[in-house]
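Sequence below, structure please.
(chains A and B)
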Amino acid sequence: NAGVTQTPKFQVLKTGQSMTLQCAQDMNHNSMYWYRQDPGMGLRLIYYSASEGTTDKGEVPNGYNVSRLNKREFSLRLESAAPSQTSVYFCASSEVGDSYNEQFFGPGTRLTVL
Amino acid sequence: KQEVTQIPAALSVPEGENLVLNCSFTDSAIYNLQWFRQDPGKGLTSLLLIQSSQREQTSGRLNASLDKSSGRSTLYIAASQPGDSATYLCAVPTLSGGYNKLIFGAGTRLAVHP
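Below you'll find the predicted structure:
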């Protein structure tokens, strides 16, 4: 049981390049999330998916797109990377429930945009 | 809008001390509160989740309390060890359209020295 996995672990891009960050979970969770973490700002939600086939914007969605490929996988795409997107990206998953909604996080992808 | 604040931002203590980390939130209508640990360059590990109906939750040397009415939670670490050195984050879920999104504090960076 691997939990939440993310690929790649590290990536360096040039401004304007595109890339897709991959995330998969094996806990049969319905909901999945993408966060970014920046120094002094904590984690901020980029996009989330309540269930397979649905996605919605979080706090900081500009410059990103997502795809919920199936129940296991949720990808984050940067179409034209900018230096402001240099960050650590975390994927998470949870069961959607009224009162029990613990989120489990992946190890992160460290992205640098030059 | 829910905001989460953690005090202090950083803490350095000698081994063996008992510690209290603080977390406050502006909207007391929460379902639960989650404490995480993050080691440098790593992902987030869930430590404790306190449901809104609970006053406290314990795991080993960790004890987390929750006072919804005052919008506060504390994480108590007993007999601190160098291995406790990490950043500790608290987070509360915000329900929007029935979907669960975590709002994070900026974290407390803890260093326990021998």
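
Quick check: residues of chain B near chain A?
With Cβ under 8 Å from any Cβ of the partner chain as the criterion, chain B comes near chain A at residues B:4, B:31-32, B:34, B:36, B:41-46, B:49, B:51-52, B:89, B:91, B:93, B:97-102, B:104-107. No exception for glycine: its C-beta is placed from N, CA and C like everyone else's.

Now the buried members of those.
The neighbour-count criterion (16 or more other Cβ atoms under 10 Å in any protein chain shown) marks B:4, B:31-32, B:34, B:36, B:43-44, B:49, B:89, B:91, B:93, B:99-102, B:104-107 among those as buried.

number of nearby residues for A:Y64?
When neighbours are defined as other Cβ atoms under 10 Å in any protein chain shown, A:Y64 has 19 of them.

quick one: it and chain B, what's the gap?
For A:Y64, the distance to chain B under the criterion Cβ to the nearest Cβ, to the nearest Å works out to 15 Å.

what's the burial count for the closest residue to that residue other than its chain neighbours?
Once its chain neighbours are removed from consideration, A:Y64 has its nearest residue in A:I46; the separation is 5.4 Å (Cβ to Cβ, 6 or more residues apart in numbering or on different chains). The burial count assigned to A:I46 is 23, neighbours taken as other Cβ under 10 Å.

Hmm, A:T55 and A:I46 touching each other?
No. Counting by Cβ atoms under 8 Å, A:I46 does not reach A:T55; the two are 10.7 Å apart.

Quick check: neighbours shared by these two?
The overlap between the contact sets of A:I46 and A:T55 (Cβ atoms under 8 Å, 6 or more residues apart in numbering or on different chains) consists of A:V66.

following the lowest-mean-pLDDT helix or strand in chain B, which helix or strand comes up?
Counting by mean pLDDT, DSSP states H and E, chain B has its least confident helix or strand at strand B:99-104, which shows a mean of 77. Following strand B:99-104 in sequence order, the next helix or strand is strand B:108-113 (DSSP states H and E).

With just CA atoms, put that following strand into PDB.
Once side chains and other backbone atoms are set aside, the C-alpha atoms of strand B:108-113 remain, and they are given as PDB (Å, rounded to 0.1, in the frame of the first residue of the first chain):
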ATOM      1  CA  THR B 108       6.100  26.300  13.400                       C
ATOM      2  CA  ARG B 109       9.700  25.300  12.700                       C
ATOM      3  CA  LEU B 110      11.000  23.300  15.600                       C
ATOM      4  CA  ALA B 111      14.700  22.600  16.400                       C
ATOM      5  CA  VAL B 112      15.500  20.300  19.400                       C
ATOM      6  CA  HIS B 113      19.200  20.300  20.100                       C
END
